[in-house]
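Enquirer: Quick one, what's the 3D model for this:
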Amino acid sequence: MRGPYRGLGFDPTPGDLDSVTQTAAQFTTAAEQLAAAEPAVRRALAAGEQWHGAGSDAFRRHLEGVPESLASRPAALRAAATVLEDWAQTLSTNKGRAEDLDRTASSVRRDLDTARDDLQEKQNTLDLAATPTAAASASIETAAAAKRVSDLEGRLETILGQARDLERTHRLAADQVAAQLTGEPAQSGTAAFSRSLGDALHRGTGLASSLATAFGGRARRPEAVPTGAASALAAALSGGRP
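Expert: Residues are numbered from 1 along each chain as shown. Okay, here's the model as predicted:
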């Protein structure tokens, strides 16, 4: 992906496509790990049925509600992965549009530089005209060169306006996706994902930093979660139930 956007002078579509796809893959991995953890906890509870005494009671209290908690989280993480996969498609499309605009803007800027140089030459010729006939001819050429500059400046401003429109649309879409992931369970069904992600991500990548990169800084910071590679089962057993 080319950058910076020299033709436009700014990046209208901030965000890292690789970070989006990698984070979506991590969500899917986390869902798989949590799905595998649930039956393991249920087996542990079943195996402990023959165990009696204070230790047994403490063990069962500690695991109370853990299977149900683990069962609810894979779906939330898969939903988050789907949201990110959709965003990756939007991001790719928007960046393609930005690249097209940048190439066009770069071409117009080159033409504009040439046209301005030509206008300066025509103006110099007009200033140095020795006869009325020469002055009249140079005046016509200068006016034509000035119109060429004005037309190219107008074209460049139109392209930059399209890029600014793209930026507004892009940032709005990024904010909507970030809201789905960080605070709108009614829209995305992912209310539990931020609590389980930190413990379940395979490589222990921080959620906040991943999303910040993926969205070009647009994602709001979710509630604090551990960022180690410990399993969600270990987190639940240590009292980290929702």
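Enquirer: Please work out how many residues are found near the closest residue in space to residue 78 that isn't next to it in sequence.
Expert: Once flanking residues are discounted, residue 78 sits nearest to residue 31: 4.9 Å by Cβ to Cβ, 6 or more residues apart in numbering. For every residue, glycine as well, the C-beta is placed using N, CA and C. Residues near residue 31, counting by other Cβ atoms under 10 Å, number 23.
Enquirer: need the helices for this protein, in chain order.
Expert: Using DSSP state H, the helices of the chain run over 17-47, 54-63, 66-127, 132-182, 185-188, 193-200, 207-214, 232-237.
Enquirer: so which of those helices comes closest to residue 7?
Expert: Evaluated over the helices of the chain, closeness to residue 7 peaks at helix 66-127, with 3.3 Å, by Cβ to Cβ.
Enquirer: so how far is residue 175 from residue 160?
Expert: To residue 175, residue 160 is 23 Å away according to Cβ to Cβ, to the nearest Å.
Enquirer: These two: which has the busier surroundings?
Expert: residue 160 (18 against 14).
Enquirer: just checking, that one touches residue 104?
Expert: No: with contact defined as Cβ atoms under 8 Å, residue 160 does not reach residue 104; the gap is 10.4 Å.
Enquirer: circling back to that earlier point, can you lay out the helices of the chain as CSV showing mean pLDDT?
Expert: Below are the helices of the chain laid out as CSV (pLDDT from 0 to 100):
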stretch, mean pLDDT
helix 17-47, 75
helix 54-63, 53
helix 66-127, 89
helix 132-182, 94
helix 185-188, 38
helix 193-200, 36
helix 207-214, 50
helix 232-237, 34
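Enquirer: Highest mean neighbour count out of these?
Expert: When the helices of the chain are scored by mean count of other Cβ atoms under 10 Å, the highest mean neighbour count falls to helix 193-200 (a mean of 26).
Enquirer: quick one: contacts for the residue nearest to residue 78?
Expert: For residue 31, the contacting residues are 73, 74, 75, 77, 78, 81, 200, by Cβ atoms under 8 Å, 6 or more residues apart in numbering.
Enquirer: swap the cut-off to 6 Å and go again
Expert: 74, 77, 78 (Cβ atoms under 6 Å, 6 or more residues apart in numbering).
Enquirer: can you check residue 146 too?
Expert: Residue 146 touches residue 119, counting by Cβ under 6 Å, 6+ apart.
Enquirer: Next one: it from residue 159, what distance?
Expert: Taking Cβ to Cβ, one finds residue 146 at 21 Å from residue 159.
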